[in-house]
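Trainee: sharing a sequence plus its predicted fold:
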Number of protein chains: 2
Amino acid sequence: MKKVTINSVAEYAGVSKKTVSRVLNNEPNVSPATREKVLKVFKELDYKPNPIARGLARNKSFIIGCLYDNPSKSYITRVQSGALEACHKFNYNLLIHPCELRGDELIENVDQLLTTSRLDGLVLTPPFSDSQELIDFLKTQNIPFARVASALEDDTSISVRSNDEQGAYELTEHLISLGHKEIAFIKGHPDHSATEKRFSGYQNALLKHGIEYEEKLVAEGNFSYHSGADSAKEILDLEPMPTAVFASNDYMAAAVLKLATQRRIRVPEDISIAGFDNAPIARHIWPGLTTIAQPVEEMTRQAVEQLILQISDPSIEVYQKVLEAKLITRESTAAK
Amino acid sequence: MKKVTINSVAEYAGVSKKTVSRVLNNEPNVSPATREKVLKVFKELDYKPNPIARGLARNKSFIIGCLYDNPSKSYITRVQSGALEACHKFNYNLLIHPCELRGDELIENVDQLLTTSRLDGLVLTPPFSDSQELIDFLKTQNIPFARVASALEDDTSISVRSNDEQGAYELTEHLISLGHKEIAFIKGHPDHSATEKRFSGYQNALLKHGIEYEEKLVAEGNFSYHSGADSAKEILDLEPMPTAVFASNDYMAAAVLKLATQRRIRVPEDISIAGFDNAPIARHIWPGLTTIAQPVEEMTRQAVEQLILQISDPSIEVYQKVLEAKLITRESTAAK
DNA sequence: ATGAAGTTTGACACCGGTGTCATAATGTCG
DNA sequence: CGACATTATGACACCGGTGTCAAACTTCAT
């Protein structure tokens, strides 16, 4: 099977390669007859333009890179699914790049990524969307990027996030309205800006409702199930045991639920448990977890869509958006 | 900031671009002095070779595509993680392409993928690794590919799978050894070859131990949590209720566990539940699920590694491997 | 010193497209 | 019918690298 290039098509059709290129790109100034003829040859020879050659000429790859480091698998798949939706809409593809590094090594690693594979743009998800270093680097390299779920203030780059603080506030208020006063809290990974936001939401709700904040009720997690299990032990060992636990994500909440169940502590009768994110696991376990639905797919979808728009026209206004988080009540929380 | 190309480097260093190219690729026949000089200019000018140009010249993109359609998010992330490990080892990158299509549309979609982004190879995961149509297509297109977890017999293409039948056999035998005789079974998605394999393993174990196979004990799932919930209802409504349930994957098993718990059926006292895959959820819930550990990452890692090796040297022997699956017992199964 | 063999280097075509610009063909109008 | 505007087409350079091959330079044995 011989390779079919623009040259062979041109020769076969009896026109110049530039004319073939015109037809290929739906450019004007091609007579209908010629266009017909060339299109027929496309079919006949089963011609596929070479994306690499095109990329070289136009200095574009039609590939977006997605950078992440998140212990929550479901978060990642949701990010990917939103990103892919936007990519496919514009005939882009998605290259994934998990990365555990920080600081200089991170920059080096991203640099390497950009060296081995020319990307038209990058979507940053937490914690990278909060890395000022990385953002500065990308700016100097002139790589378009969009930030997802970042709390960083930078109105020169695309950002789509949800209102973490508001969500945590609502959830805490929900617990309070059920009569809970000793509400334990499990923090997320310190590198993620959401961690602080959710924590403030929790604190502010307590404050608003005149409940004293107690440090011993707060455990340090890092969004992983495992860290949730550790924190769960801490919290369930407290005397007196809190009547409610608010974990910064659903995985950690699931870990609390598991330990509670193991210890025959009834949920929600003896203790209420709530999470954050509305990850699949929140409804895959019994009792289902009360949580805050964060529109992860939608955030990423919008971010990537705007990124691609910006790539095609760098002069458009920088998109910045805050989406609402929503309380979802399930069986894991009940009145005290 | 001016663009640094091989030409500017050559000019600056006072050598030809070919010599620069030689240094770039660590080719022999460059005098140490020249090499030094050029390397210094690389540093000085912060030169990054353009991967697209290189791709055009060498007809390579250093990108592997990963094709999947699997309702289990954790399966996908495990696949990705194995694939990425192999990719990064060889300085390749991974492009992901979920795809829900079948038949002609699938072919068309993959064709489109190959048109918009030149890939050096493709990893096929279930159910695509079992699609004869797709495999034939890729062969005609001369795209290297590797199959993961495919039961298809084709010794001309790379294949890494685990022994599903054996695993299911062992798990069933485990249940039988605990005294269970009425063991319900939830099948997976009919398009996945693993579905049949696991089912045969179940049937063969029953046969071997003189337990009659009963059709009413078998429910049709499709690997999704949702289908597991439907099947769970069917099974738990049976009179008499079976004493054990073997679901073809952990998500469906989790769904059975949830419904059982909701109905205050005690697990494992009243009913034993087992899954397959050893997905994270298997240990994130209580009781933890007895299951079969399938080395998904390892399968994919090996498949991609071999794929890359084959890309660099098409003459090497086609790699075909069957990895062992392993029984993991947790709290969800117990003696009758 | 000479020739043969090996090493180092660069000129140039090429990968498969796109952009620029000149030229050819066609259309319009007085 | 000629002058001019408009549309259609192709020649050619270019994107940024790599492959081929011949020339120039070393090295070394004779």
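Mentor: Ah, there it is. Residues are numbered from 1 along each chain as shown, chains lettered A, B, ... in the order given.
Trainee: contacts only, for the residue nearest to the spatial centre of chain A.
Mentor: Centroid-nearest residue in chain A, with Cα atoms, centre = their mean: residue A:79, separated by 3.9 Å. Listed by Cβ atoms under 8 Å, 6 or more residues apart in numbering or on different chains, the contact set of residue A:79 reads A:66, A:68, A:70, A:123, A:125, A:148, A:296-297, A:300. Placement of C-beta: from N, CA and C, glycine included.
Trainee: ok, 7 Å please
Mentor: If a contact means Cβ atoms under 7 Å, 6 or more residues apart in numbering or on different chains, then residue A:79 has A:66, A:68, A:125, A:148, A:296, A:300 as its contacts.
Trainee: and what of residue A:113?
Mentor: Residues in contact with residue A:113, defined by Cβ under 7 Å, 6+ apart, are A:65, A:97.
Trainee: do residue A:80 as well
Mentor: Going by Cβ under 7 Å, 6+ apart, residue A:80 touches A:66, A:94, A:96, B:96.
Trainee: ok so it is a strand residue?
Mentor: No - judged by DSSP: H, G, I helix; E, B strand; the rest coil, residue A:80 forms no part of a strand; its state is helix.
Trainee: gap between it and DNA strand C?
Mentor: According to Cβ to the nearest atom of the strand, to the nearest Å, residue A:80 stands 29 Å off from DNA strand C.
Trainee: could I get the full set of strands for the stretch 151-300 of chain A?
Mentor: When assigned using DSSP state E, counting those that start in this stretch, the strands of the stretch 151-300 of chain A occupy the ranges A:158-162, A:183-187, A:218-220, A:244-247, A:272-274, A:291-293.
Trainee: can you tell which of those strands is closest to DNA strand C?
Mentor: For the strands of the stretch 151-300 of chain A, the distance to DNA strand C is smallest for strand A:158-162, at 24.5 Å, taking Cβ to the nearest atom of the strand.
Trainee: what about that closest one, average pLDDT?
Mentor: Mean pLDDT, computed over strand A:158-162, is 97.
Trainee: same question for stretch A:42-51.
Mentor: 94.
Trainee: what's the span of that stretch, first residue to last?
Mentor: From its first residue to its last, stretch A:42-51 covers 16 Å (Cα to Cα, to the nearest Å).
Trainee: can you tell me what sits against it?
Mentor: In contact with stretch A:42-51 (Cβ under 7 Å, 6+ apart) are residues A:4, A:6, A:8-9, A:12, A:24, A:62, B:115-118.
Trainee: quick one: is it near DNA strand D?
Mentor: No - contact between stretch A:42-51 and DNA strand D, assessed by Cβ under 7 Å from any atom of the strand, is absent, since the two come no nearer than 11.2 Å.
Trainee: could you do stretch A:7-25 as well?
Mentor: Yes - under the criterion of Cβ under 7 Å from any atom of the strand, stretch A:7-25 makes contact with DNA strand D via A:14-19, A:22.
Trainee: could I get those residues as a markdown table with secondary structure, neighbour count and distance to chain B?
Mentor: Written out in a markdown table, the entries for these read as follows (DSSP: H, G, I helix; E, B strand; the rest coil; neighbours: other Cβ atoms under 10 Å in any protein chain shown; distance: Cβ to the nearest Cβ, whole Å):
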| residue | secondary structure | neighbour count | distance to chain B |
| --- | --- | --- | --- |
| A:14 | coil | 11 | 25 |
| A:15 | coil | 18 | 22 |
| A:16 | coil | 13 | 21 |
| A:17 | helix | 16 | 16 |
| A:18 | helix | 10 | 19 |
| A:19 | helix | 22 | 21 |
| A:22 | helix | 18 | 19 |
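Trainee: any idea which of those is closest to residue A:273?
Mentor: Distances from residue A:273 to these, taken as Cβ to Cβ, are shortest for residue A:22 (63.1 Å).
Trainee: which residues touch the closest residue to the closest one other than its chain neighbours?
Mentor: Distances taken as Cβ to Cβ, 6 or more residues apart in numbering or on different chains place residue A:30 nearest to residue A:22, at 4.9 Å, with adjacent residues excluded. By Cβ under 7 Å, 6+ apart, the contact set of residue A:30 is A:19, A:22-23.
Trainee: mind doing that once more with 8 Å?
Mentor: Contacts were defined as Cβ under 8 Å, 6+ apart; by that measure residue A:30 touches A:19, A:22-23, A:38.
Trainee: can you give me phi and psi for it?
Mentor: Backbone torsions for residue A:30, taken as degrees, to the nearest 10, come to phi -130, psi 130.
Trainee: quick one: it from chain B, how far?
Mentor: Using Cβ to the nearest Cβ, to the nearest Å, one obtains 21 Å as the distance from residue A:30 to chain B.
Trainee: isn't residue A:213 right up against residue A:200?
Mentor: No - at 11.1 Å, residue A:213 does not count as touching residue A:200 under the criterion of Cβ atoms under 8 Å.
Trainee: look up how far residue A:109 lies from the residue nearest to residue A:22.
Mentor: In this structure, residue A:30 lies at 46 Å from residue A:109, with Cβ to Cβ, to the nearest Å as the measure.
Trainee: repeat that for residue A:284.
Mentor: Computed with Cβ to Cβ, the distance linking residue A:284 and residue A:109 is 34 Å.
Trainee: can you list the residues of chain A near DNA strand C?
Mentor: Residues of chain A lying close to DNA strand C (Cβ under 7 Å from any atom of the strand) are A:3, A:5-7, A:17-18, A:21, A:24-25, A:47-50, A:53-54, A:56-58.
Trainee: hang on, the earlier thing: pLDDT and distance to residue A:239 added to the residues of stretch A:7-25 next to DNA strand D, as TSV?
Mentor: Formatted as TSV, the residues of stretch A:7-25 next to DNA strand D follow (pLDDT from 0 to 100; distance: Cβ to Cβ, whole Å):
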residue	pLDDT	distance to residue A:239
A:14	93	90
A:15	94	86
A:16	94	85
A:17	94	81
A:18	95	81
A:19	95	83
A:22	95	79
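Trainee: okay, those residues in TSV with distance to residue A:171 next?
Mentor: Rendered in TSV, the data for those read as follows (distance: Cβ to Cβ, whole Å):
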residue	distance to residue A:171
A:14	70
A:15	65
A:16	65
A:17	62
A:18	61
A:19	62
A:22	58
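Trainee: and the furthest pair within those?
Mentor: A:14 and A:22 (14.8 Å).
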